[in-house]
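[1] Sequence unavailable; structure follows:
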């Protein structure tokens, strides 16, 4: 997933598509049940290339891009088959203090003692604090959803829409088994933006969208909003963004 949020294929993977598929469904890696796999985007050993905290790994991007890609990583983590785990501080884009900006540190220079700086979440004098607060609130919503949604507790996963035309990398997966309210994730791993985004006629159509039962509505979880019936399966998409839908 770290490769995916950089727009790259994972090491040894045949394509970007299979990089994402394997990150989302651990059974494609040889596991037979999600209970066998612990998924993480950042682990405790954060030294070196592709092991840094996300904020540090994304240091070459603008703050706006960091925010988008960190949120995208958490959507993938918390809607994937398996048991999610994340390093404390990632939920508000904490960064290294004892590491340099390339993620390097010596054993005696702080490798084992670079604690989470929770003050970054509340320090209003920090120009990045509003971004960190937005990421934190976003992750809170996703964690709450993950713990309450039955469709995310089973293995059943289907990729219902793939779009790699004209530089796009849009993948849509559905979680849940028959009889459960589905979870549908629309994830854009590219700079593509719906033509005319922001206008009342802009749309991106996701084919094979699940049917809407009578008397039910779709809710978009990350923004906590109800989707108007006429926009189900055709809302605009934006660069490096994911939307998470379920029925209510």
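    Perfect, I can see it now. In this text, all values refer to a predicted model and were calculated from it rather than measured experimentally. Numbering: from 1, shown residues only.

[2] so what's residue 114 up against?
    The contact partners of residue 114, by Cβ atoms under 8 Å, 6 or more residues apart in numbering, come to 46, 96, 97, 98, 99, 105. Where you see a C-beta, it was placed from the backbone N, CA and C, and this is true even at glycine.

[3] Show me those residues that map onto strands.
    Among these, none falls in strands (DSSP state E).

[4] Which of those residues sits closest to residue 143?
    Using Cβ to Cβ, residue 46 comes nearest to residue 143 of the contacts of residue 114, at 21.1 Å.

[5] now the closest one: how far from residue 60?
    The spacing between residue 46 and residue 60, counted by Cβ to Cβ, to the nearest Å, is 17 Å.

[6] Who has more neighbours out of the two?
    Neighbours were counted for residue 46 and for residue 60 using other Cβ atoms under 10 Å; residue 46 has more, 21 against 9.

[7] Can you check which helix is longest in the protein?
    The single longest helix within the chain, with elements called by DSSP state H, is helix 129-148.

[8] contact partners of that one?
    Applying Cβ under 8 Å, 6+ apart, the contact partners of helix 129-148 are 63, 66-67, 70-71, 74-75, 78-79, 84, 91-94, 120-123, 126, 152, 221-222, 224, 244, 246.

[9] Derive a ChimeraX selection command for the buried subset of those residues.
    Applying 16 or more other Cβ atoms under 10 Å to the contacts of helix 129-148 leaves a buried subset, and the ChimeraX line that selects it is:
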select :66,67,70,71,74,75,78,79,84,91,92,93,94,120,121,152,221,222,244,246
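
[10] hmm, back to that, would you check which pair of the contacts of residue 114 lies furthest apart?
    46 and 97 (11.6 Å).

[11] Could you pull up the residues touching the residue nearest to residue 164 when sequence neighbours are not counted?
    Leaving aside its chain neighbours, residue 164 sits nearest to residue 17 (7.0 Å; criterion: Cβ to Cβ, 6 or more residues apart in numbering). Neighbouring residues of residue 17 by Cβ under 8 Å, 6+ apart: 162, 164, 171.

[12] sorry, back to before: columns distance to residue 144 and pLDDT on top of the contacts of residue 114, output as TSV?
    Supplementary listing: the contacts of residue 114 in TSV, determined by distance: Cβ to Cβ, whole Å; pLDDT from 0 to 100:
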residue	distance to residue 144	pLDDT
46	26	82
96	28	83
97	30	81
98	33	78
99	31	73
105	34	69
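
[13] Break the protein down into its domains, please.
    For the chain, automatic domain parsing gives the domain ranges 4-148, 154-247.

[14] about what we covered before: distance check, the residue nearest to residue 164 against residue 239.
    Distance, residue 17 to residue 239, using Cβ to Cβ: 18 Å.

[15] One more: residue 226?
    Going from residue 226 to residue 239 by Cβ to Cβ gives 24 Å.

[16] With neighbour numbers in mind, choose between the two.
    Using other Cβ under 10 Å as the criterion, residue 226 and residue 239 rank with residue 239 on top: 16 against 10.
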